[in-house]
Every structure is written in structure tokens, then in C-alpha cells.
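> sequence and computational prediction follow.
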Amino acid sequence: MDSLSHKDDDIVYFAECLADRCPDVYWSARLNLEAYGIRVRPIKDTQNIWVRDYMPIPVGDHFVKFVYDLSWAEQFPRSYVSKDSWSGEADPVIESDIILDGGNVVRAYGKTILTDKVVKQNGKDVLARLERLLESEIIIIPAEPGDHLGHSDGICKLVNSDTVLINDYSCIFDKDKRFVKYSEKLIKTLESHNLNVLKFPYAYDAWDWTMPEKEWRKLFPYAYDYNPAFGYYINFLIANHVILLPAMGLEKDREATEVLRPSYPNHHIILIDCRKLSMEGGLINCITWTSKSKQI
């Protein structure tokens, strides 16, 4: 992998193995990024495509490396869940003993949003430590019901210093009553930090909930859990002036694009078919990493 540098604002990193695991997603994303002058570089020596989770967090003129949570990964070989898939010379790296996946870090505009899993794993005193390490206001939101990974990048995205996008969970209220109170609590929490909350299209209700778990696991042996990321449009990537937006083959694909456009009027929004990738448990933000600290 190339040396890590905060000057590399035009580079997006993918796990090298993604080209074999999900070639359609990899090549569609790569060709579109390169068409807009954004370089693509590999992260080698890992079979773990979820690079966002284990790569260090860029902060100012350095990086912070947290402990990657491997509690979910006992079913996979060590080569798949490698702790140290990043290498090479880098800007100064601060090693922290805090357990925190990069997927649970939504950070921009002087704010960092994390789910309460980070507190459950590290204790309440972790908040002051994170505030110092990440040099930002720390906002703790509740993790989604049933999500043992507790990642915030499947829940929200900061648009600017006072606006945040969140999933519009109303489509699954009838199927899962837990999300009625969850949605209310999420909005209340974010608004208590003086953030304007905008609801963003969400289509988890559209995947086939009736597929037996045994059959599903045969089709997707590398999946985190019986809990796909289907319909989580909010897990998009911002890379300079380009947005890679997950597509699900639904009418909501267009809706997500149109809702997103006013928030990012100067960006090129590109849809990437992620139906198969979503069954593995993640989407575009999960499989990418950038070394820039302005917007993650």
C-alpha cells in the first residue's frame, strides 16, 4: 500500500481482495472514481473487505489507531480478520487501547458520532479520552436494535456543522415495532446536540425477510450475521467532489439520489449496484477508506 498521507485527498483505498469477492462493485466504483480523477489504491495482505473498520482514523496532521473489535469474527480464519492490514510509512500514528471499529466513527465538522457500543465496551470514561484523541465533540447515539456491531455509519451522515442525515425507519415500523421508539430516541439525541435532522431514504423492508437463515448462510458464507445491510443508502462514500451511493435496484434508488442532491449540490452522485454486497453486511463506506481528515 502507498504511504499514508493527509495530502492524498484524491485517493480511495479498497482491500485488494474485493476485486475477487465483489468484482462488480469493485470495478464499478474504481472506474467511476478514476473517471473523476480520484486514484484507487489496494490494501494488501487481508481477506477482510471491510477496510473502514480496521484502518486508522485521520485526525489533523496524524492518525489514531484504535483496537479493532474481532468479537464477531470467531467463525472466520485469522487471514480474514487480520488486525494489521495497513502498513507502510505514515504520518505520526497514535496507538490507542480503546476498542472502536472505524464503522462506528462518523466524523466531520468538529463532531464525531458514535453509538453507545463504544461506552459498553470501554466504560463511561472513554468519552473524555475520545474527545481528546479525535479533537472533536463526541455525540453518543443508541445502536440500532439487533445490531451487535453497533456501527454509526449505517445510521447517519453529517452534512455540515449543524445538519445530519438519518435513516427514515418508518418503512419498517409495521414489521419491527422496536424501531418506532428507536427512531424517536435517535432524533431526540441528535437534536439535543443542536443538530437539524433530515430523514434519508431507507429500504431495509424491501429485502426478502422470509429466506431461511440456513439457506442464506450458504449463499453468503462471509456475512457478518443474519442481518444484511440491504437498503442502507446512508452508507455512501464522499471522495472529494464525488459521492458513491449504494443502489438496491429499487425505485428508492432514484429517491435517495434526489434527496441527497440538495445537501451536496456540487458533487457528482454515482449509483453503485450493491445488492449482493449488502448481503455480506456492509456497503460503500464500509469497503473504502481515505486518509483525509476533513470528511469521513
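Alright, I've got the coordinates. Given the structure is predicted, the values throughout are model-derived calculations rather than measurements.
> quick one: end-to-end length of stretch 124-143, please.
One end of stretch 124-143 sits 16 Å from the other (CA to CA, to the nearest Å).
> try stretch 14-32
14 Å.
> for this structure, what helix or strand is lowest in average pLDDT?
Lowest mean confidence among the helices and strands of the chain (mean pLDDT, DSSP states H and E): helix 213-219, at a mean of 81.
> tell me the helices and strands packed up against the helix or strand just after it.
Next along the chain after helix 213-219, taking DSSP states H and E as the criterion, comes strand 237-239. Contact here means 3 or more CB pairs under 8 Å, 6 or more residues apart in numbering; DSSP states H and E; on that basis strand 237-239 packs against no helix or strand. Where C-beta positions appear, they are placed from N, C-alpha and C, glycine not excepted.
> how far does strand 237-239 sit from the chain's center?
11 Å (CA atoms, centre = their mean, to the nearest Å).
> again, but for stretch 42-59
Worked out by CA atoms, centre = their mean, stretch 42-59 lies 12 Å from the chain centre.
> from Ser161, how far out is the residue nearest to Trp50 when sequence neighbours are not counted?
Spatial nearest neighbour of Trp50, excluding adjacent residues (CB to CB, 6 or more residues apart in numbering): Cys286 at 5.0 Å. Distance of Cys286 to Ser161, given as CB to CB, to the nearest Å: 25 Å.
> how about the strands in the stretch 51-200 of the chain?
Using DSSP state E, counting those that start in this stretch, the strands of the stretch 51-200 of the chain run over 57-59, 62-67, 93-99, 106-108, 111-115, 137-141, 156-160, 163-167, 196-200.
> the last one: which residues count as buried?
Just to be clear, that refers to strand 196-200. 197-198, 200 (16 or more other CB atoms under 10 Å).
> what about the residue nearest to Ile140 when sequence neighbours are not counted, distance to Asp147?
Among residues not flanking Ile140 along the chain, Asp116 sits closest, at 5.4 Å (CB to CB, 6+ apart). Look at Asp116 and Asp147: by CB to CB, they are 11 Å apart.
> quick check: pLDDT value at Lys83.
Lys83 is assigned a predicted lDDT (pLDDT) of 53.
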